[in-house]
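Enquirer: Task: produce atomic coordinates for the following.
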Amino acid sequence: YKNYQTDAAAKDASRTSTYKLQLSKMKSLSDLLIKDPVFGRDALDYVLRAFDLDPATESLTRIRRVLQSDVSDPNSYVNKLGDERYEKLAAAFNFDATGKVREQQQVVSTAAMTTVGTKYTASFGSDLSAAKKEVLKSETAKYVDAAGGLRSLDDLLANKTVLDYTLKAYGLEDEKLTTAQLKKLLTSDLGDRSSYANSFGDSRYSDFAASFNFDTSGKVKVSEGSVQEPGQRLSTENLYLLTTMEAEAGDTNEGTRLALYFLRHAPELTSPLKMLADKAIVEVVKTSLGLPDSFSSLDIDKQAAIISKRIDVKDFQDPKKLDAFLSRFAGLYDVKNADSSASPVLGLFGSVGGLLSVL
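Expert: This next block holds a predicted model:
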């Protein structure tokens, strides 16, 4: 299995290097879609596989329309497809409605993250213990990570981590603002003295609204950018690594495929009900928790209640805890399937480093 891993890693590294090279030359959507004289459609194939889409069956017309869509607009083509894979694909690139490179589109800019982080820390005063500084550092890391993943106004309104952190930074945490009020704040025209945010006569409200990039219709504003920002490119590479390893490993060991599948979807597992909606995820959970096959025949609410008692879904956002969960799955899967030989699953998830060290 070690030789397989080495060979697969070498092939993936080569494909990733080719993708980076092609990406550096792209100036428009057409550059991604047309056949390169040397590499053909290797770059597009790489991207599609990263987002769990089959290059052999995908329509170029559909992919073009997806990548020209505005993910922050609920009425856009990509959102009407109702398929999260296409939404993630569109969010990973910066093309406008004509296929040209759009200026960077972020709900929270890097500069705003820095400002909010500074204000958040300052709100606790200057006399901080070492322990408190560590807590603030951890909370800020969670904020930055969550803010970087936002794609729309709805995403933000549903994200307690970003909202609570920013409200605290601007001293608004005790104002008990409703979702409707927050929406009106975030879509205010700050250049209009009579706008909702300015109507309070309190700069905290307008400063809070200014820390996000929404226009008055709730769409995300844009600033100068490129085909893919560094973070978007790295995310695409990581997804490609997981999906290709998952597909190749499935040919030799079903347990490895399930573990890799779970790892790839872990960030999306925010509730027991989301876990129960995916048969492969349920299989990993049942094995890890030692649940019988009859578990799946229970009422869905009972299944969710059992999982809630045994699993804290927040743990799946922590690489070490996720690694431990999958290590447990690996051991129990091999016991269940009477495989006493060297486990390829444990080879990936048997230590804190594991596959997570690659991502």
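Enquirer: tell me the contacts of the closest residue to residue 29 other than its chain neighbours?
Expert: Setting aside the residues directly before and after it, residue 29 is nearest to residue 99 in space (CB to CB, 6 or more residues apart in numbering), at 3.6 Å. Every C-beta, even on glycine, is put in place using the N, C-alpha and C of the backbone. Taking CB atoms under 8 Å, 6 or more residues apart in numbering, we find residue 99 in contact with 28, 29, 30, 64, 67, 68.
Enquirer: now with 6 Å?
Expert: By CB atoms under 6 Å, 6 or more residues apart in numbering, the contact set of residue 99 is 28, 29, 68.
Enquirer: what does residue 85 give?
Expert: Counted by CB under 6 Å, 6+ apart, residue 85 has contacts 51, 52, 53.
Enquirer: try residue 28
Expert: 99, 100.
Enquirer: Can you give the domain ranges for this protein?
Expert: Following automatic domain parsing, the chain resolves into domains at 2-95, 110-223, 253-358.
Enquirer: thinking again about what came up before, narrow the contacts of residue 99 to those in helices?
Expert: residue 29 (DSSP state H).
Enquirer: For my notes, please list the contacts of residue 99 in CSV and give distance to residue 144 and pLDDT for each entry.
Expert: Below are the contacts of residue 99 laid out as CSV (distance: CB to CB, whole Å; pLDDT from 0 to 100):
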residue, distance to residue 144, pLDDT
28, 31, 91
29, 29, 94
68, 29, 94
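Enquirer: Between the contacts of residue 99, which sits nearest residue 200?
Expert: Each of the contacts of residue 99 was checked against residue 200 using CB to CB; the closest is residue 68, at 38.5 Å.
Enquirer: ok, and the closest non-adjacent residue to the closest one?
Expert: residue 97 (5.2 Å).
Enquirer: again, but for residue 283
Expert: That would be residue 258: by CB to CB, 6+ apart, it lies 5.9 Å from residue 283.
Enquirer: residues near the one you found, how many?
Expert: As a burial measure, residue 258 scores 23 neighbours (other CB atoms under 10 Å).
Enquirer: contacting residues for it?
Expert: 280, 283, 284.
Enquirer: one more time with 8 Å
Expert: Per CB under 8 Å, 6+ apart, neighbours of residue 258: 280, 283, 284, 329, 333.
Enquirer: to the chain's geometric centre, what's the distance from the host helix or strand of it?
Expert: Taking DSSP states H and E as the criterion, residue 258 maps to helix 254-265. Its chain's C-alpha centre and that of helix 254-265 lie 17 Å apart, by CA atoms, centre = their mean, to the nearest Å.
Enquirer: got the CA coordinates for the helix or strand following that helix in CSV?
Expert: Moving toward the C-terminus from helix 254-265, the next helix or strand (DSSP H and E) is helix 272-276. Output of helix 272-276 as CSV, limited to C-alpha atoms (Å, rounded to 0.1, in the frame of the first residue of the first chain):
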residue,chain,number,x,y,z
PRO,A,272,-26.9,15.2,12.8
LEU,A,273,-29.7,15.6,10.2
LYS,A,274,-27.1,16.6,7.5
MET,A,275,-25.1,13.5,8.4
LEU,A,276,-28.2,11.3,8.1
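Enquirer: Can you list the buried residues in the very next helix or strand once past helix 272-276?
Expert: Downstream of helix 272-276, the first helix or strand assigned by DSSP H and E is helix 279-289. Neighbour counts over helix 279-289 (16 or more other CB atoms under 10 Å) mark 281, 282, 283, 284, 285, 286, 287, 288, 289 as buried.
Enquirer: measure the last one to residue 297 for me?
Expert: Right, residue 289. Using CB to CB, to the nearest Å, residue 289 is found at 16 Å from residue 297.
Enquirer: Equivalent analysis for the third one, please.
Expert: Distance, residue 283 to residue 297, using CB to CB: 15 Å.
Enquirer: how about the strands in this protein?
Expert: In the chain, the segments counted as strands under DSSP state E are 104-105, 222-223.
Enquirer: Mean pLDDT lowest where, among the ones you listed?
Expert: Among those, strand 222-223 carries the lowest mean pLDDT, a mean of 66.
Enquirer: hmm, back to that, is it possible to get CSV of the buried residues of helix 279-289 that adds pLDDT and distance to residue 73?
Expert: Converted to CSV, the buried residues of helix 279-289 look like this (pLDDT from 0 to 100; distance: CB to CB, whole Å):
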residue, pLDDT, distance to residue 73
281, 94, 30
282, 95, 34
283, 93, 36
284, 94, 35
285, 95, 35
286, 94, 39
287, 93, 41
288, 92, 39
289, 93, 40
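Enquirer: Many thanks, I have nothing further to ask.
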